[in-house]
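Trainee: Okay, sequence plus prediction incoming.
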Amino acid sequence: GGGPMAKEEGQRRMLEQLRSEVEAQAAAMVDGQRRLARAEARASGLDLALQRAEQDASDFSARVVRLQGELELSRTEAQSELSRVDLALRRKSQAGRDASQASLRAEVGQVAVLERTQQRLENEEGKVAELGVRLREAEDS
């Protein structure tokens, strides 16, 4: 049987093993904390990017709303101008007055210009609607 020397050797070996296990656990903890810190930094970066994207989307949304308002105003103005010209033309024919061919042609030309303006406004509105769809897609993604 091994005497006190063998017993001491066994205890020393056990202590060494314990110490190396504790060191391994400490290293694993430090590594875990480092990984956690990196993950938190990544998450915070993503958070910032998300906030920026939301701000951009909100700015874009406001711009679309403003454009739609301007468009609506322009269309309303164009329509009231059209009906004013239309009324003027009807008044002239009701009164049975023979407006000079030249001034009649000028008013007809004005109507044509307004109708082209109306067409342009409708094209613009189509573009705005398309922007709105793209915005919703961007918000959904």
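Mentor: The structure has been received and is ready for your questions.
Trainee: Now do the contacts for Glu81.
Mentor: Leu114 (CB atoms under 8 Å, 6 or more residues apart in numbering). Every residue, glycine included, has its C-beta placed from N, CA and C.
Trainee: Look at it and give its secondary structure.
Mentor: Put simply, Glu81 is helix when judged by DSSP: H, G, I helix; E, B strand; the rest coil.
Trainee: heading toward the C-terminus, what's the first helix or strand past the helix or strand encompassing Val65?
Mentor: Here Val65 sits within helix 4-94, counting by DSSP states H and E. Using DSSP H and E, the next helix or strand after helix 4-94 towards the C-terminus is helix 101-140.
Trainee: Distance from the chain centre to that next one, please.
Mentor: The chain centre lies 25 Å from the centre of helix 101-140; the measure is CA atoms, centre = their mean, to the nearest Å.
Trainee: what's the angle between it and helix 4-94?
Mentor: With axes from the mean of the first three to the mean of the last three CA atoms, to 10 degrees applied, the angle from helix 101-140 to helix 4-94 works out at 170 degrees.
Trainee: Let me see the mean pLDDT of the helix holding Val65.
Mentor: If you average the pLDDT over helix 4-94, you get 91.
Trainee: tell me, what residue is most central in this structure?
Mentor: In the chain, the residue lying closest to the centroid (CA atoms, centre = their mean) is Ala57, at 2.3 Å.
Trainee: Can you give me the pLDDT of the closest residue to it other than its chain neighbours?
Mentor: Nearest non-adjacent residue to Ala57, counting by CB to CB, 6 or more residues apart in numbering: Glu139, 5.4 Å away. We have a pLDDT of 88 for Glu139.
Trainee: correct me, but Glu139 touches Ser58?
Mentor: No: counting by CB atoms under 8 Å, Glu139 stays clear of Ser58, with 9.5 Å between them.
Trainee: so Ala138 touches Glu54, yeah?
Mentor: No: using CB under 8 Å, Ala138 is not in contact with Glu54; the gap is 10.4 Å.
Trainee: separation between Gln25 and Leu15?
Mentor: As judged by CB to CB, to the nearest Å, Gln25 and Leu15 stand 16 Å apart.
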